[in-house]
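Trainee: I need the structure of the sequence given here:
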Amino acid sequence: MSNGGGSYNAQNDSRAGSTGEPDLGTEPTGGFFSADYKKHDDLKQMLDSNKDNLKLEAMKRIVGMVAKGKDASDLFAAVVKNVVSKNIEVKKLVYVYLVRYAEEQQDLALLSIATFQRALKDPNQLIRASALRVLSSIRVPVIVPIMMLALKDSVVDMSPYVRKTAAHAIPKLYSLDPEQKDQLIQVIEKLLADKTTLVVGSAVMAFEELCPDRVDLIHKNYRKLCNLLVDVEEWGQVVIINMLTRYARTQFLDPNQQDVIADEDKNFYGDEDEKDSEEEEEDEEKEKTPPKKPYMMDPDHRLLLRNTKPLLQSRNAAVVMAVAQLYHHIAPKSEVGLVAKALVRLLRSHREIQHVVLSNVATLTTIRKVRGMFEPYLKSFFVRPSDPIHVRTLKLEILTNLATETSISTILREFQTYVTSSDKDFVAATIQAIGRCASSISEVTETCLNGLVGLLSNRNEYVVAESVVVIKKLLQMQPDSHSEIIQHMAKLADTITVPMARASILWMVGEYSDRVPKIAPDLLRKMAKNFINEEDIVKLQILNLAAKLCITNPKQTKLLCQYVLNLAKYDQNYDIRDRARFIRQLVSPAGEKGALGKHAKKIFLASKPAPVLDSSFKDRDQWQLGSLSHMINQQASGYSPLPDFPAAAPDPTVRNVEVNPWEQVPMPWAEKTHKKKAGKPKKEAFYSDEEEESESESDSEESSSSSSESGSESESEDDSKSESGSDKDKKSDEEAESSSSSSSESESSSESESDSESESEPDTKPQKKAPPPKTKSSTKPKKEAKQEVSLLDLDDIDVSSTSAPVPAPASALDVLSPSLASDLQGLSINDKTDTAISVTTPMFVSTTSHELLHRMTGEGLSANYRFTRGTCIYSTSMVPVELTFTNHTDSPVSNIRIGDKKLQAGMTLQEFPEIPSLPGGGSMSVSIGIDFKDTIQPANFQICTQDRKYNVSIKPPVGELFQAVTMAEADFTAQQSKLTGMNENSGKVSIPSQHNNSKTITARMSELANVAPVPSSQDGIYRFAGKTVSGGTLLLITVKVGEDNSASITVNCELMAICSMLVKEVKQKLSLA
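Mentor: Numbers count the residues shown, from 1 in each chain. Purely as a prediction, here's the structure:
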């Protein structure tokens, strides 16, 4: 029986080996078949065999067990004997096993220490590296000297793979014996001087683990690290970029310091009325303090920014995030916008990556100076049905932060679809977002408040409850004009059961009880009936309501107040008992009132500041972007804050390398490398001078290492991309070959310095940018054109001046359900206009001009501007503006033109032809076109002469953004019925009797805005229509005049901010005597 049982087990073992199953996890019962009997016996026999194929099969099965998480430690003795095997494949697998179990089986591993030392001299680089890896995994202090000797030998090994492994062993040795730090720093210094891309990433990692504060080790290698960065493996790129970010913060000046051309900035953005007083103060300060030199970016600073920019195309999200945080922390604000497109591209990745990216984007959108770079990608942050709740919440946060007067209509239209979601948490977050939009943009506060009041009739109790809480916060900002809303909410106290909402209603009624004197006592009576069944938060507010009413209306509520206080006196919650005891002594003491009782009204009814609805990400910019501390919003273990920029620039010569660092390190392969280079002419450097002159070619060549990898994640949406895919693949392959060949031949220090200097010239003098070389432009015309549809446009452009418009709002009535429209009281919007609407000539053209440049500021040259209300000769989407220049001096002024333009995102300005000469006492008028993108944001630009530049600004009145249109009365009413809810704003005004006639009202409306009257069949109703010049958005104005000279004004327009401003201006215009 025993023999039969043994053969049966052997057959089972052979079957397990043939099927690839290393070990059975089940343990048979019975003493003969115990778990320890012949466990892994077949594997041990195979390892003891003389045949290499059996040993190889056994090692494969053992490594498979380790990979599956099964315990194979009892095979250590059998495996370690095969470390001397002559078969390379067996030896590799043995070392893989030993790395896993060397720390657990230290005694047995020490027996083979001599074998590991011999393996360090093996001809195979993989064996040498594996031996060093096993040696560093043995956590025994006795072998520290042996490990140090092995480490020093491996640092100068011919194989980059072995040197990389040595870099990984340094932190292990340091944790085993911290006293070896000085010797290990010397080893790190040698590794940092390595020019192989496989090694530098691991060397920097060891540097960050051991001595991150030793920046002196980085000085000589800084330019080399910048130039090799694009070819380093992805995780090495992340480590190097983070290290270089900290290095740049200590070695370069802040590119966004406030004293950069401070005088121009103050005059450019300052108010016109404050200029004179500011100039006098500045003159006095200039006399006292010496003039400051304008900021000039260090060439090495520019080198870092230029060489990290191609990595925004990387397929690795961590690399893109690292580059984004580098630009955020050390780049000029005008260049930070380059990262926006790359971060938006990452939103197509897995939801875990989306969460990290959105958290960082949310922090960026709270910073006013860089917020605008995400506005062109507004629709990328719209919530999708498949998004998890944490991603949805972050997108709501970002949309709220990006809300401006221009985009608020699009965002609110998106929010109105979210409130119908079945996710209660998401609905609550959406209503809170609407409240934040209403508090931050005063033009839409009234509209949002009306929309939230409409939600109070929603069937979903959680929607109603959250709306009550948000309305309470909004009413605190302007409570005087909303007594009707307070009354409406007081009536909801009978139906709402959510404790927070009930408490908010009670607080509002108590705080503004003088506005609802009849409802407040009755509400207190109802609450007193059910006091014992309420939640604690509601009970506290009932006590507050009783105290406030007892002070303001004691006749009706004093007995109720005492009743409530008696109930609270015996409540289970000690907070409620203490509050009742405190209130009783203030409002109804048994004896005479004490010192506090006399001031009870001031205590309970003191005016309270309105709540500030800030973003939860507002304070996260204190952490480094992309760090764990930033994600959890508290300091994580091992986090060190970014150092501040130095006040004075450190010595830049420390980064100059005079002697070739390879000659200082006795490396055996150095002679071979130099001999190979000496016999061949030097090839073109990685960043050559020609590439610097032609920005488009330099960007494509610099990004060659990653462009072929990232084609599947292309951001471009053009149809032509699919047609030119094969050409791009060929191009990326050719460029990858050229970049790999050029990276093998590293540049000298003087060349990298000259490259960085020449690259920084376009930043300091953009108007003198050199044209691209003729040879390249003639030989590669097609490749130049294809760069327009590349994955990410990496040209050095100012994001704030790009012409990418904010996404146009889409029609909402086509997709909204009837229940949604009723919930929001007709907040949906339709962009479609009727074909019967046509543009007509303006009714009124103003001859009044506005001062653009004062003759004192312009040193004798003055300029005025006037809105002509005609059709712009440059573009139909531009507002025509007439400029009139006058020379008040006797000498001519030459070369009058428009210089630098600092426009808001999406705005464009068409210049006038240069005026060669304006004689003394002469005057000349020219025309320009400005696309304001339907906003009243000013267009800031410079007027230049031959030797002077003057900062000027044109801010359009809201009425000049429109062009008059004609339509029939039926079309007017049809369009007006579509523009209701948030797209409608109304007001009332009293018109003087002498001006209450159609002629005066039409004339004044035509003066105010470029609109045309619409024929009306009713007396006393005047209608006017127009549309925006840029977007073609319809504007409808209705003035209804009553018998008592009072008029109601209704303005319908999708642009809610403009709608609100027009109502105010119409009221002011019609009320003039």
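Trainee: Let me know the pLDDT of the closest residue to residue 469 other than its chain neighbours.
Mentor: Taking Cβ to Cβ, 6 or more residues apart in numbering as the measure, residue 469 lies nearest to residue 504, with 5.0 Å between them; neighbours along the chain are not counted. (Each C-beta comes from the backbone N, C-alpha and C, glycine too.) Model confidence at residue 504, expressed as pLDDT, equals 83.
Trainee: Which positions within the helix or strand containing residue 504 qualify as buried?
Mentor: When secondary structure is defined by DSSP states H and E, residue 504 falls within helix 499-511. Of the residues in helix 499-511, those buried under the neighbour-count criterion (16 or more other Cβ atoms under 10 Å) are 499, 501, 502, 503, 504, 505, 506, 507, 508, 509, 510, 511.
Trainee: list the helices and strands that helix packs on?
Mentor: Of the remaining helices and strands, those touching helix 499-511 by 3 or more Cβ pairs under 8 Å, 6 or more residues apart in numbering; DSSP states H and E are helix 461-475, helix 483-491, helix 519-529, helix 536-552.
Trainee: Any idea which of those helices gets closest to residue 620?
Mentor: Of all those, the one in closest proximity to residue 620, counting by Cβ to Cβ, is helix 461-475 (22.6 Å).
Trainee: Surely residue 400 touches residue 435?
Mentor: No. Assessed by Cβ atoms under 8 Å, residue 400 is found out of contact with residue 435, at 9.3 Å.
Trainee: Can you give me the neighbour number for residue 230?
Mentor: 24 (other Cβ atoms under 10 Å).
Trainee: my bad, residue 556
Mentor: By other Cβ under 10 Å, 17 other residues sit near residue 556.
Trainee: try residue 605
Mentor: Residue 605 has 16 neighbours, counted by other Cβ under 10 Å.
Trainee: mind checking how far it is from residue 483?
Mentor: Applying Cβ to Cβ, to the nearest Å, one obtains 17 Å for the distance of residue 605 from residue 483.
Trainee: got a list of what residue 239 touches?
Mentor: Taking Cβ atoms under 8 Å, 6 or more residues apart in numbering, we find residue 239 in contact with 201, 204, 205, 208.
Trainee: got the contact list for the third one?
Mentor: Listed by Cβ under 8 Å, 6+ apart, the contact partners of residue 205 are 167, 168, 171, 236, 239.
Trainee: try the last one
Mentor: Contacts were defined as Cβ under 8 Å, 6+ apart; by that measure residue 208 touches 239, 242, 243.
Trainee: Tell me the one of the residues you listed nearest residue 529?
Mentor: residue 242 (63.6 Å).
Trainee: what's the nearest residue to the closest one if we skip its chain neighbours?
Mentor: residue 322 (6.1 Å).
Trainee: Based on its surroundings, how many neighbours for that neighbour?
Mentor: The burial count assigned to residue 322 is 25, neighbours taken as other Cβ under 10 Å.
Trainee: contacting residues around it?
Mentor: Applying Cβ under 8 Å, 6+ apart to residue 322 gives the contacts 237, 238, 241, 242, 311, 626.
Trainee: Any chance you could give me the helix or strand encompassing it in CSV, C-alpha atoms only?
Mentor: Take DSSP H and E as the rule and residue 322 turns out to sit in helix 317-330. Extracted C-alpha coordinates of helix 317-330, given in CSV (Å, rounded to 0.1, in the frame of the first residue of the first chain):
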residue,chain,number,x,y,z
ALA,A,317,0.4,61.1,-16.0
ALA,A,318,2.9,61.5,-13.2
VAL,A,319,5.4,63.1,-15.6
VAL,A,320,2.8,65.6,-16.8
MET,A,321,1.8,66.4,-13.3
ALA,A,322,5.4,67.0,-12.3
VAL,A,323,6.0,69.4,-15.2
ALA,A,324,2.7,71.2,-14.3
GLN,A,325,3.8,71.7,-10.7
LEU,A,326,7.3,72.9,-11.9
TYR,A,327,5.7,75.6,-14.1
HIS,A,328,3.3,76.6,-11.4
HIS,A,329,6.1,77.1,-8.8
ILE,A,330,8.9,78.6,-10.8
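Trainee: what's the following helix or strand after that helix?
Mentor: Later in the chain than helix 317-330, the nearest helix or strand by DSSP H and E is helix 333-336.
Trainee: What helices and strands are in contact with that next one?
Mentor: When contacts are defined as 3+ Cβ pairs under 8 Å, 6+ apart, helix 333-336 sits against helix 317-330.
Trainee: Tell me the buried residues in the helix it packs on?
Mentor: For helix 317-330, burial by neighbour count (16+ other Cβ under 10 Å) applies to 317-330.
Trainee: Dump those to a markdown table, plus pLDDT and distance to residue 637.
Mentor: Formatted as a markdown table, the entries for the buried residues of helix 317-330 read as follows, by pLDDT from 0 to 100; distance: Cβ to Cβ, whole Å:
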| residue | pLDDT | distance to residue 637 |
| --- | --- | --- |
| 317 | 91 | 24 |
| 318 | 92 | 20 |
| 319 | 93 | 24 |
| 320 | 93 | 26 |
| 321 | 92 | 21 |
| 322 | 93 | 21 |
| 323 | 93 | 26 |
| 324 | 92 | 24 |
| 325 | 90 | 20 |
| 326 | 92 | 23 |
| 327 | 91 | 27 |
| 328 | 88 | 24 |
| 329 | 89 | 22 |
| 330 | 87 | 25 |
